[in-house]
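>>> model the following, please.
(one chain, ligands or ions: 3)
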Amino acid sequence: MILLIDAGNTRIKWGIVRDGQWLAEGALRHDQLDQLHALAAAHVGIRRVFGSNVAGLRTAAGIAEALGDSAPAPQWLHSSAECCGVRNAYDTPAQLGSDRWAALIGARALQPAACLVVNAGTATTVDVLDAAGTFQGGIILPGEHLMRRSLARDTAQLPLADGHYAAAPRNTADAITSGCRNAQAGAVERMFRQIAREPLSRCLLSGGGADALAELLDVPFSRVDNLVLKGLAVVATGTAAT
Ligand SMILES: Nc1ncnc2c1ncn2[C@@H]1O[C@H](COP(=O)(O)OP(=O)(O)O)[C@@H](O)[C@H]1O
Ligand SMILES: CC(C)(COP(=O)(O)O)[C@@H](O)C(=O)NCCC(=O)O
Ligand SMILES: [K+]
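Ligands and ions are numbered 1, 2, ... in the order given. This is a model prediction of the structure:
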């Protein structure tokens, strides 16, 4: 049994796999890390803890401390030039966020064709994976919530809006929500042009903001829950868990 952890800037996602099957999955806020101990203790036989952490050294230390003696010490994925059939063309491969790297590896295992790997979290990342399995590059933009928060923080008149999406918004809250969501969808649709002509090409959409984004997208896509965890399972076990 393996405990997999995807520590992002907003939430810590976790999953437990045994013999290629998911036994349980969930998510914690950063102030709920202490729950990890009970979680690990409830699954007797965890032989490895493997994760991606883009939330800083304090989070890594907090996770290790919270697990305590309930599980082995966590090991963390580092982005590299090649892993599980995926090649990393980043100028400095190790600089790529390990969550992006895990998601690319998970995507390749799910879909052996050109694909756009979209992770809509605190930040939104949109990464181009070609048909040969090479990560060609990708973009980072603020996620929808972060966009909305930045408008509230750095303008005099704009509130922290929780409006509805509209094609032609007629009030401030809807204008902000729709603008930020259009920015997300527009970025994905523009990046998709790079692979649109490839056979069977599509987007794989994951992350806390994926459902909102999916409602708007005008390109072929599949929703995949916890793609980062799925990629971590591939790295840890050599195959995709189901
Ligand atoms: N209903 C929603 N609509 C749009 N975005 C959402 C929604 N719910 C959550 N999110 C986004 O999902 C993020 C949290 O998702 P998650 O994938 O766990 O992020 P991270 O990996 O950065 O911790 C939030 O910061 C927010 O941007
Ligand atoms: C882009 C990210 C902030 C996304 O983090 P998240 O929104 O999932 O919390 C993270 O992948 C990161 O810190 N990357 C390092 C820089 C890079 O990938 O180039
Ligand atoms: K992300």
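>>> C-alpha from now on. contacts and neighbour counts both.
Noted.
>>> okay, now the residue of the chain found nearest ligand 3: neighbour count?
When scored by CA to the ion, the chain has residue 121 as its residue closest to ligand 3, at 4.0 Å. When neighbours are counted by other CA atoms under 10 Å, residue 121 registers 21.
>>> now swap in residue 236 and tell me
Residue 236 is flanked by 18 other residues according to other CA under 10 Å.
>>> show me the contacts for it.
The contact partners of residue 236, by CA atoms under 8 Å, 6 or more residues apart in numbering, come to residue 50.
>>> residue 151: neighbouring residues, count only.
17.
>>> from here on, count from 280
In the new count, where the first residue is 280, that last one comes out as residue 430.
>>> and whatever helix or strand it lives in, average pLDDT?
Assigned by DSSP states H and E, residue 430 belongs to helix 423-433. Mean pLDDT, helix 423-433: 98.
>>> for it, buried residues please.
Residues 423-428, 430-431 are the ones in helix 423-433 that count as buried (16 or more other CA atoms under 10 Å).
>>> quick check: residues of this structure near ligand 1?
Applying CA under 6 Å from any ligand atom, we find that the chain lies next to ligand 1 at 287-290, 399-402, 422-424, 486-488, 491.
>>> again, 8 Å this time
Neighbours of ligand 1 within the chain, by CA under 8 Å from any ligand atom: 285-292, 306, 378, 398-403, 422-425, 460, 485-492.
>>> filter those residues to the buried ones?
For those, a burial check counting by 16+ other CA under 10 Å picks out 285-288, 290-292, 378, 398-403, 422-425, 460, 485-489, 492.
>>> among the residues you listed, which are in helices?
Residues of these located in helices (DSSP state H): 378, 423-425, 460, 489, 492.
>>> these two touch, right, residue 456 and residue 438?
No. The criterion here is CA atoms under 8 Å, and residue 456 misses it with residue 438 at 11.1 Å.
>>> compare the two and say which is more crowded by neighbours.
A count of neighbours by other CA under 10 Å puts residue 456 above the other of residue 456 and residue 438, at 23 against 15.
>>> contacting residues for the most centrally placed residue in the chain?
Against the mean C-alpha coordinate of the chain, by CA atoms, centre = their mean, the closest residue is residue 398 at 4.2 Å. Applying CA under 8 Å, 6+ apart to residue 398 gives the contacts 379, 404-405, 484-486, 489.
>>> from those residues, which land in strands?
Counting by DSSP state E, these place 404-405, 484-485 in strands.
>>> as TSV, those with pLDDT and distance to residue 383 would be great.
What follows is the ones in strands among the contacts of residue 398, written out as TSV (pLDDT from 0 to 100; distance: CA to CA, whole Å):
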residue	pLDDT	distance to residue 383
404	99	11
405	99	10
484	98	12
485	98	11
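>>> would you list those in CSV and tack on distance to residue 324?
CSV is the format used below for the ones in strands among the contacts of residue 398 (distance: CA to CA, whole Å):
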residue, distance to residue 324
404, 35
405, 36
484, 32
485, 29
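>>> ok, so of these, who is nearest residue 316?
Nearest to residue 316 among the ones in strands among the contacts of residue 398: residue 485, at 26.6 Å, using CA to CA.
>>> strands of this structure, start to end?
Using DSSP E, strands in the chain cover 281-286, 290-297, 300-308, 327-332, 354-355, 361-362, 365-367, 394-399, 402-408, 413-421, 481-485, 500-502.
>>> tell me which of the ones you listed sits most buried.
strand 394-399 (a mean of 28; mean count of other CA atoms under 10 Å).
>>> and that one with strand 481-485, angle?
Strand 394-399 and strand 481-485 are oriented at 20 degrees to each other (axes from the mean of the first three to the mean of the last three CA atoms, to 10 degrees).
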